[in-house]
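[1] please work out how this folds:
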Amino acid sequence: MAATYFREHWRFLTTEGQMGGLDILRAIAVSAVFLNHFNWLPAGWLGVDLFFVLSGFLIGGAIIDQAEQGRWSYGRFYWNRALRILPVYYLAILAKAALIGFPLSDDLGTAFASIASAATFMQTSVIWYFGWGGADHNFIPGGSWSLVIEEYFYLLCPLLVVGTWQIFRSRLALLVVVLAACIAGPLVRYYANADYPPDDIWWYFSAWLQFRSRFDTLAFGVLAALLVRMHPPSWLARALLFAAGMALFGAVLHYLYHSRMWVLSGQTTRVFALWGPFLLGAAFAGVLVGVYKLRCRSTAVVIVARLSFSIYLFHALLQEIYGAYFAQTWPPAFEWIKSLGSLDTTLLFVAATLVVCYLVSLLVEYPFIRMYRKPAPVPVREGSPSGVVLAG
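    Below you'll find the predicted structure:
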């Protein structure tokens, strides 16, 4: 029985999805974030925006399909999202609390309040809605702000898409609504952030870490999903959209290269905070439509894509553990780590992250995935739009 489970899990990790191009983009996105955190790839934090577009495309497309086919169920949707997201995410919360939070913090009240805010995806929202700014980040997984944005998307996208379909029964009406969501992004940001000057910490939280600041990036993913269903693009159309998306992305990179955001996304400029998510959403949507039908023939890339959610959370945790205890007196068996150069340190973290994430996938993630996705008895191409969730 155990051997069968191991083989089944390995097929899950190594089998290309129905849209292999998305596996490639998912692996690129998580690799960009990883390398950025180790100072090897300036502006690699843009991988999070690519995750948002991928999530909009996959989840939005699944919602559209189920609504049109009369199979939509809010209960089933949120149950599947919970099974996919919560086990790994809650493990990351518990691991950070046990390994960093409780050993280094002595305010139990703030500790448990911080854990509660993270567990309910309120770590970036309590500041605005409850006036509480005293979170202890030793208990909150690094990068989890993007999961908050994803959760808002899971709450609001079904209401928008399913509600529009049930009222109008028209893809054209859906197109108008989704386009309006994309266009509304800069306008919402303009009014939401008008009271916060750049370089103020409140500006950063308001302009960059809130759902209202990034929802149009997700909406462009939904738009791409709708358009490929309305008018499946020819190879020439996909090539032109890919070229247009890369050109727009190149223009964004050119701007960032000459701004303070090239190295640190926290130094958000007013212009980029207003237009950046919109432009990135449009650029990545074009790239996505250009490549989504490609095959992914690299097993290594597929594995990274399957482990992307765990990699996103646990590479940050390993880095935080390293940072928290680097200045401490380490056990003699680990003192050699301090003498490593930056490249060797990064390679060590790559190896450690892959081992940890494989174990997380094997022991925690995949058992819950099996609860809503029937295991394949023989090797097949997996990864239907409704079966994959991206986190950031």
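
[2] wait, residue 48 touches residue 146, no?
    Yes. Applying CB atoms under 8 Å as the test, residue 48 and residue 146 come out as touching, 5.3 Å apart. Where you see a C-beta, it was placed from the backbone N, CA and C, and this is true even at glycine.

[3] and residue 102, what does it touch?
    Applying CB atoms under 8 Å, 6 or more residues apart in numbering, we find residue 102 in contact with residue 111.

[4] so what's the residue count around residue 352?
    When counting by other CB atoms under 10 Å, one arrives at 15 neighbours for residue 352.

[5] follow-up on the earlier one: so which of residue 48 and residue 146 has more stuff around it?
    Neighbours were counted for residue 48 and for residue 146 using other CB under 10 Å; residue 48 has more, 25 against 21.

[6] might you report the residue contacts of the more buried one?
    Contacts for residue 48 (CB under 8 Å, 6+ apart) come out as 29, 33, 143, 146, 392.

[7] out of those, who's the most crowded?
    Most neighbours among the contacts of residue 48, by other CB under 10 Å: residue 29, with 27 neighbours.

[8] residue 242 versus that residue, what's the distance?
    Residue 29 is 16 Å from residue 242, where distance means CB to CB, to the nearest Å.

[9] just to revisit the earlier point, make CSV out of the contacts of residue 48 and add distance to residue 181.
    Putting the contacts of residue 48 into CSV (distance: CB to CB, whole Å) gives the following:
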residue, distance to residue 181
29, 22
33, 25
143, 25
146, 19
392, 19
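
[10] and of those, the nearest to residue 340?
    Of all these, residue 340 sits closest to residue 33, with 21.7 Å by CB to CB.

[11] any idea which element the nearest residue to residue 153 once chain neighbours are set aside lies in?
    Sequence neighbours aside, residue 218 is the residue nearest to residue 153 in space, at 5.0 Å (criterion: CB to CB, 6 or more residues apart in numbering). Assigning secondary structure by DSSP states H and E places residue 218 in helix 211-230.

[12] chain center to that helix, what's the gap?
    Centroid displacement of helix 211-230 relative to its chain, using CA atoms, centre = their mean, to the nearest Å, is 14 Å.

[13] buried set for that helix?
    211-228 (16 or more other CB atoms under 10 Å).

[14] correct me, but residue 274 touches residue 188?
    No. Assessed by CB under 8 Å, residue 274 is found out of contact with residue 188, at 10.1 Å.

[15] could you point out the helix or strand that follows the helix-or-strand element of the chain with minimal mean pLDDT?
    When each helix and strand of the chain is scored by mean pLDDT, DSSP states H and E, helix 126-129 comes last, with a mean of 62. Reading on from helix 126-129 to the C-terminus, the next helix or strand found by DSSP H and E is helix 145-168.

[16] buried ones in that next one?
    Judged by neighbour count using 16+ other CB under 10 Å, the buried positions of helix 145-168 are 145-154, 157-158, 160-162, 164-165.

[17] where does this structure dip in pLDDT?
    127-134, 198-201, 327-331, 374-392 (pLDDT under 70).

[18] now the strands for it?
    Assigned by DSSP state E, the chain shows no strands.

[19] please pick out the residue of it most distant from its centre.
    No residue in the chain sits farther from the centre than residue 332, which is 37.4 Å out by CA atoms, centre = their mean.

[20] from residue 56, how far out is the residue nearest to residue 153?
    4 Å.

[21] who touches both of these two?
    Shared contacts of residue 218 and residue 56, defined by CB under 8 Å, 6+ apart, comprise 153, 157.

[22] helices and strands around the helix holding residue 218, which ones?
    Packing partners of helix 211-230 (3 or more CB pairs under 8 Å, 6 or more residues apart in numbering; DSSP states H and E): helix 47-68, helix 145-168, helix 171-192, helix 201-208, helix 270-291.

[23] sorry, back to before: check the contacts of residue 48 and tell me the two furthest apart.
    Of all pairs drawn from these, the widest gap by CB to CB lies between 29 and 143 and measures 12.3 Å.

[24] isn't residue 90 right up against residue 121?
    No. In this structure residue 90 lies outside contact range of residue 121 using CB under 8 Å: 11.3 Å.

[25] so those two - more neighbours on which side?
    residue 121 (20 against 15).

[26] doesn't residue 154 make contact with that one?
    No. Between residue 121 and residue 154 there is no contact under CB under 8 Å: 9.9 Å.

[27] returning to that earlier point: would you confirm that the residue nearest to residue 153 contacts residue 155?
    No. Judged on CB under 8 Å, residue 218 makes no contact with residue 155 at a distance of 11.9 Å.
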